[in-house]
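[1] Show me how the following folds:
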Amino acid sequence: MSALLFGLALAVGAPALKDTPPKGPAVVGRWQATAVISNGSDINQHTGLEYEFTADGRWLICRGGQILDGTERTYAADAKARPAAIDLTERPNPYPGVFAVETDTLTVCFRTDGGQRPPAVDARGHGLMTVVLTRVKAKD
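    Model prediction:
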C-alpha cells in the first residue's frame with residue numbers, strides 16, 4: 001500500500017484526452033478523484049488526483065495533469081461479474097477489487113493488504129481503499 005500512496009505524491013507529463021470516452025471496458029478513460037478512503041477513513045488525498053485506464057489494460061495515476069512515476073501498472077476488468085470485478089496490479093503487487101460506473105462516476109474499491117476481493121464498492125474497513133472518480137471531459 002505504501003507504494004500506491006507514495007505514487008500519489010510524484011509527478012511527470014500526461015497526454016491530452018479526447019471528447020468521447022474510448023472504446024473498451026466501462027472504466028477506460030481519464031477520471032478525476034473526488035474522494036480517497038483508506039481503512040475506512042477519508043485520507044483527503046484526492047485534490048488533483050486522476051486515474052487513467054487505457055484500452056490496452058494499463059492504468060496510470062496522475063496528479064495535476066502529470067503522470068506519476070514510471071511504475072508498471074496493469075488492470076483487468078470484468079463488468080459481467082456481480083459486483084463488477086477489477087484486478088489492479090502495481091509492479092508485482094495485486095489489488096483485487098470491485099467497481100461500479102454510474103453515468104460519469106466511477107467507484108473502485110480494492111484490497112491493499114493481500115486479502116480477498118471486497119464484497120461491494122461501498123465496503124469499508126482495514127485493508128480496503130475506495131476511490132470515487134468523475135470522468136474528465138476534454139477541454140475545447
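
[2] Does Trp31 touch Lys137 like I think?
    No: Trp31 lies out of contact with Lys137 (CB atoms under 8 Å); the separation is 11.0 Å. Using the backbone N, CA and C atoms, a C-beta is placed for each residue, glycine as well.

[3] Give me the more crowded residue out of these two.
    Neighbour totals were compared for Trp31 and Lys137, and Trp31 leads with 25 against 11 (other CB atoms under 10 Å).

[4] Correct me if wrong, but the more buried one is in a strand.
    Yes: applying DSSP: H, G, I helix; E, B strand; the rest coil, one finds Trp31 inside a strand.

[5] got the contact list for the nearest residue to it once chain neighbours are set aside?
    Spatial nearest neighbour of Trp31, excluding adjacent residues (CB to CB, 6 or more residues apart in numbering): Leu133 at 3.5 Å. Counting by CB atoms under 8 Å, 6 or more residues apart in numbering, Leu133 makes contact with Trp31, Gln32, Ala33, Thr34, Glu50, Tyr51, Thr105, Leu106, Thr107, Val108.
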